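Participant: build me a model:
(chains A and B)
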Protein chains: 2
Amino acid sequence: MKLGSLQDLLVSELRDLYSAETQIVKALPKMVKAAISPDLKAGFEEHLQQTRGHVERLERIFKDLKVSARGKTCKGMEGILEEGAEMIAEKAEAPIEDAGLIAAAQKVEHYEMAGYGTVRTWARQLGHDQIANLLQQTLEEEERTDQKLTRLAENSISLQAAHH
Amino acid sequence: MKLGSLQDLLVSELRDLYSAETQIVKALPKMVKAAISPDLKAGFEEHLQQTRGHVERLERIFKDLKVSARGKTCKGMEGILEEGAEMIAEKAEAPIEDAGLIAAAQKVEHYEMAGYGTVRTWARQLGHDQIANLLQQTLEEEERTDQKLTRLAENSISLQAAHH
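Facilitator: Model prediction:
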C-alpha cells in the first residue's frame, strides 16, 4: 500500500483506531470480572458502554467518508491488551490486583488519546469539520476516563501503602 | 509469577519500561533516517539522546532497588514500534511521510507517559522519594517531547493541507 495523501493517512489511522476500539470492547468484560473494588468494576463497566459509543461514532465517520471500517489490525493495542491479560493471569494478591489493572487501563487510554489527537488534527486540516468535532468528543471522553483512573489509582494505592 | 506486593508490581512495571526504552533506542535511528524535514530529523536525534538518558536513569533505579533490569519484554511497545516500522515501509509520499512518523512517535510518547505516571505514583506511595523524583523528571521530558511533536505535526500538516 502506498499512502498518497493526508486523506489516505487519515483513513488508515481511523481504521487503526476502529480495530483498537473493537479489541477493547472484547477485553473490558475480563477486566470488569478481575477488578476487586466495586468502584473500579463500575468504572470499567461505564468505560465499556462508552467504548461502544466510540465504535458507533467511528462507523458514522467511515460512512461519511464512504470507506470501509475494516482492513487494519491495531498491533499497538494487541500488545497493550496482551500485557493486561498477563496481569490478570498473574493473579496478583487482592490489594494490588486493582493497581495493576488500572495501570493496564491507563496504557489503553493513552494509546487512544495519541490516536484521536492525531486524527482530530488531520480531519480539521482537511476541512472535515464535523468529523473533527466527533473525534474531539471521543478524545475528551478518553481524557476524562484517564483522569478518573488516576484518582482510583491514588485511592487504591493509599489503602495498599497503609498496609505495607 | 505471583505479584505479592506493590513493590513487586513496581519492579515489574519498571522492567516493562526498561524494555520499552531499549526498544526505542533501537528504533529511533530508522525514524531519523525516514524523516524528511530537518526539524523532525533533529527532533528524533534529540529524542534518541534523551532516551539513552532515560535508560541510564532506570539502571540507577534498579541498582538502588537491588534488582536486575531485565526479565520482561514490553509487548505494548513492540506492537507500537511494529506499526511505526510499517509506516516507514509503506513509503508514503514525501509531504505526508513526516505526518505519519509523528503520529507513530506520539503513540510511543503516550505509552511512556502512562507507564512513568504509574511508577512515579507507586514509588512515591512506597516512600521511594528519590526514585519517584527521577521518574517524575523522565515523565516531564516525555510530556515535553509529545508537545514538541504536536507543534511539528501542525506545521507539517499546514504545509500539506495548503497543497491539498
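Participant: list the buried residues of the helix or strand that contains A:Ala20.
Facilitator: For A:Ala20, the enclosing helix or strand under DSSP states H and E is helix A:6-34. Residues of helix A:6-34 classed as buried: A:6-24, A:27-28, A:31-32, A:34 (neighbour count, 16 or more other Cβ atoms under 10 Å in any protein chain shown). C-beta coordinates here come from the backbone N, C-alpha and C atoms, glycine included.
Participant: does chain B sit close to stretch A:131-142?
Facilitator: No: using Cβ under 8 Å from any Cβ of the partner chain, stretch A:131-142 never reaches chain B; the gap is at least 10.6 Å.
Participant: roughly how far out does that stretch sit from the chain middle?
Facilitator: A distance of 13 Å separates the centroid of the chain from that of stretch A:131-142, by Cα atoms, centre = their mean, to the nearest Å.
Participant: please enumerate the strands of chain A.
Facilitator: Read by DSSP state E, chain A holds no strands at all.
Participant: closest approach to chain B from chain A, which residue is it?
Facilitator: The nearest approach of chain A to chain B comes at A:Gly79, 2.9 Å away (Cβ to the nearest Cβ).
Participant: list the contacts of that residue.
Facilitator: B:74-80 (Cβ atoms under 8 Å, 6 or more residues apart in numbering or on different chains).
Participant: let me have these in TSV, adding distance to A:Ala103 and pLDDT as columns.
Facilitator: Formatted as TSV, the contacts of A:Gly79 follow (distance: Cβ to Cβ, whole Å; pLDDT from 0 to 100):
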residue	distance to A:Ala103	pLDDT
B:Cys74	13	96
B:Lys75	14	96
B:Gly76	11	96
B:Met77	15	97
B:Glu78	18	97
B:Gly79	17	96
B:Ile80	17	96
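Participant: ok, so of the residues you listed, who is nearest chain A?
Facilitator: Among the contacts of A:Gly79, B:Gly79 lies closest to chain A (Cβ to the nearest Cβ), at 2.9 Å.
Participant: what residues does the closest residue to A:Arg15 other than its chain neighbours make contact with?
Facilitator: Once flanking residues are discounted, A:Arg15 sits nearest to A:Lys72: 3.9 Å by Cβ to Cβ, 6 or more residues apart in numbering or on different chains. Listed by Cβ under 8 Å, 6+ apart, the contact set of A:Lys72 reads A:12, A:15-16, A:18-19.
Participant: quick one, the longest helix along chain A and helix B:6-34 angle?
Facilitator: Taking DSSP state H as the criterion, chain A has its longest helix at helix A:129-162. With axes from the mean of the first three to the mean of the last three Cα atoms, to 10 degrees defining the directions, helix A:129-162 sits at 150 degrees from helix B:6-34.
Participant: and helix A:129-162, what does it pack onto?
Facilitator: Counting contacts by 3 or more Cβ pairs under 8 Å, 6 or more residues apart in numbering or on different chains; DSSP states H and E, helix A:129-162 packs against helix A:38-65, helix A:94-125, helix B:6-34, helix B:94-125.
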